[in-house]
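Peer 1: Okay, sequence plus prediction incoming.
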Amino acid sequence: MRTEYPMVSALREEGRKGQTEGKTGRISSYLSPSFQTAPFLHCLSAFCSRRNIFLRRVRGTRGAGRGARSTGHSQHRTLSTGLGSAASTRSEDAGTAGAASRRIPTAWAPAFRDRQNPNSVPDGFKPSPCVGAVLRGGSHFLLMDRISQILQDHGHNVTMFLQRGNLLLSGFKEGEKSYNVINWLLPEDFNKEFKKSFDFFMEETLGGRSTFEHYFNILEQLGLQCSHLLRRHDIMNSLKNENFDLVVVETFDYCPFLVAEKLGRPFVSFLPTSFGTVDFGPPSPLSYVPVFHSLLTDRMDFWGRVKNFLMFFNFCMRQRRIHSAFDKTIKEHFPEGSRPVLSHLLKKAELWFVNSDFAFEFARPLLPNTVYVGGLLAKPIKPVPQEFENFIAKFGDSGFVLVTLGSMVSVIQSQEVPKEMNAAFASLPQGVIWKYKASHWPKDIKLAANVKLVDWLPQNDLLGHPHIRLFVTHGGMNSVMEAIQHGVPMVGIPILGDQYENMLRVEARNFGVSIRLKQLKAETLALKMKQVMEDKRYKSAVVAASIIRRSHPLTPAQRLGGWIDHILQTGGAAHLKPHALQQPWYEQYLLDVLLFLLVATLGTAWLCGKLLGLVARWLCGSRKLKKA
């Protein structure tokens, strides 16, 4: 007998335990080739294998040459990327060669647990097999690494398909992952061309000269990289042979959407940035839902609504231009008659996970297949390393300020930015822990005595430290979510992408203030930092938001894992998708109905006018006859 799914039971009656029927298998995670350095263009895709694949692995029938599989240690496979090469090698870090010793993860972590016993597993629950794919880069890699770990802990066997040679991944410590890792390399020519375009884009952005055309050049490079991946028949055939159930794609680089379409598999999508960066069909009333890059809040006056209305058409035109960067890729790899349209492909996603939270985002209507999971990187606080503790102790009750401006800024920054920031920090009584590569520090600038430069820092743990007073951030979504989780006020220095929109919301919610990079001067920055630290309203507002987040009945990880299980169990989310996603825009807005009613009204009025004219002429004619 089919039992009620635990997600439904948890939502309908708190504390009631559900039972689930699931598929059994493994998960892999995949880093696609499309994007390597821009923090807003990376994609995660997760593909889920069917039960028979899982059983063959357990029984050892996939082939002795594949080697043994271990649950507790990462495995690595490297795919050669020379053009036309199909060679692949695989090395395994742990496990035994015998098929009898192969193990499948059994420590399940279902999404909706008993709150009194979080490790409890509903009767009948079985882990579902998935394989995941992540496009590389900076904070996006950290986020997708966290998602892979969550799914692995949830009972899936995750494999990340990771492009090596990535500029932004060079500073990250892979460590020993609980999930598997498959590495592959993009030809060096692609990396050089992409790096050239991206470095130019960043230089123009930091100089305040960035334009949409510079961004579009990056997208064209991503389209070329995607064509190369789809041209790699060894990789694509390997993915097809696994017979995956589900693909989880991260947005902005549309290559994973095309990979999922090429495999013919259903997919769910993860949006790591602001809500409005991609149009996937959510209702967006322009009277109170601001268009991305409009820099408006949900409280618009008349002229604000006029601006929002006009910005909507600009946004639509830019979306079409962005999609066109992949036109050549689609034409090359999909036969005529079955070529996907990207705008339609986005709406095919079974679910949309959004890296945000209503404690931060303006309230707005959502479709049933949209789930907020903001704050996945926020974890239980651990003690910070001793070197940080020793530095913090020097400043006693004054505390310290944490400074991180993203994963790429310190590599490309001009000397003017660190010079002004260093001078501002020197005026503070607090200590300053600044994530900045010491090797890139300008030699002619003397570092302030209260500043500590580090290449790496435990951001989550430092934000949870009792002596933290302020967080100076670029306004990336992951950083903002962590600051809200720990109740730390912010001063933002947005640089690109969604960061301006994020800091707009921070200011609207009174979580902090922001300053434009072009306006960054030591005096202004020092004034802003002192303002936020001394005015208790900022601290109170962000602490209140932290309470809202923490009091949610389900954690972001539980929502993520539970909905993935739900999709695997039900075979899709057709029951969550409104028919509006299949309607043309004029039907959604009832323009055809309005046009019909307008024509009918005007036609009726015209007909009535004609009839009245005839009656009037007849009456006039009758009177003339009587007079005659």
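Peer 2: Arrived safely.
Peer 1: which other residues reach the one helix or strand residue 218 maps to?
Peer 2: Under DSSP states H and E, the secondary-structure element containing residue 218 is helix 212-231. Here helix 212-231 makes contact (Cβ atoms under 8 Å, 6 or more residues apart in numbering) with 32-35, 38, 41, 186-187, 190, 193-194, 197-198, 200-201, 204-205, 235-236, 253-255, 258-259, 262, 318, 321-322, 325-329, 332-333. In this view, the C-beta of every residue, glycine as well, is placed from N, C-alpha and C.
Peer 1: Counting only helices, which of those make the cut?
Peer 2: For the contacts of helix 212-231, the ones inside helices are 190, 193-194, 197-198, 200-201, 204-205, 235-236, 255, 258-259, 262, 318, 321-322, 327-329, 332-333, with DSSP state H as the criterion.
Peer 1: so where's the stretch 351-500 of the chain uncertain?
Peer 2: 407-414 (pLDDT under 70).
Peer 1: now the strands for it?
Peer 2: With DSSP state E, counting those that start in this stretch applied, the stretch 351-500 of the chain shows strands at 352-354, 370-372, 400-404, 431-435, 451-454, 468-473, 490-492, listed in chain order.
Peer 1: distance between the third one and the chain's centre?
Peer 2: For strand 400-404, the separation from the chain centroid amounts to 24 Å (computed by Cα atoms, centre = their mean, to the nearest Å).
Peer 1: Okay, domains of this structure per the record?
Peer 2: Per automatic domain parsing, the domain ranges recorded for the chain read 26-109+126-272, 386-550.
Peer 1: which stretch in these has the least confidence?
Peer 2: Across the domains of the chain, the stretch with the lowest average pLDDT is domain 26-109+126-272; it has a mean of 62.
Peer 1: My read is that residue 542 contacts residue 483, right?
Peer 2: Yes - the pair formed by residue 542 and residue 483 meets the contact definition of Cβ atoms under 8 Å, at 7.1 Å.
Peer 1: Would you mind listing the residues touching both of those two?
Peer 2: Between them, residue 542 and residue 483 share the neighbouring residues 489-490, 511, with contact defined by Cβ under 8 Å, 6+ apart.
Peer 1: What is the nearest of these to residue 420?
Peer 2: Nearest to residue 420 among these is residue 490, at 18.5 Å by Cβ to Cβ.
Peer 1: quick one on the thing from earlier: out of the strands of the stretch 351-500 of the chain, flag the one nearest residue 549.
Peer 2: Residue 549 lies closest to strand 370-372 among those, at 10.4 Å (Cβ to Cβ).
Peer 1: quick revisit: the ones in helices among the contacts of helix 212-231, buried ones only, as a PyMOL selection?
Peer 2: Command for PyMOL, covering only those of the ones in helices among the contacts of helix 212-231 found buried under the criterion 16 or more other Cβ atoms under 10 Å:
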select buried, resi 190+194+197+198+201+204+205+235+236+255+258+259+262+322+329+333
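Peer 1: For residue 142, the count of nearby residues, please.
Peer 2: The local packing count at residue 142 equals 17, with neighbours defined by other Cβ atoms under 10 Å.
Peer 1: Point me to the helix or strand that includes it.
Peer 2: With DSSP H and E as the criterion, residue 142 is inside helix 138-153.
Peer 1: Does anything pack onto that helix? Which helices or strands?
Peer 2: Helices and strands in packing contact with helix 138-153 are listed as strand 27-31, strand 44-48, strand 131-134, strand 159-164, strand 247-250, helix 477-486, helix 556-570; criterion 3 or more Cβ pairs under 8 Å, 6 or more residues apart in numbering; DSSP states H and E.
Peer 1: Tell me the buried residues in the last one?
Peer 2: The one in question is helix 556-570. Neighbour-count burial for helix 556-570, counted by 16+ other Cβ under 10 Å, picks out 556-569.
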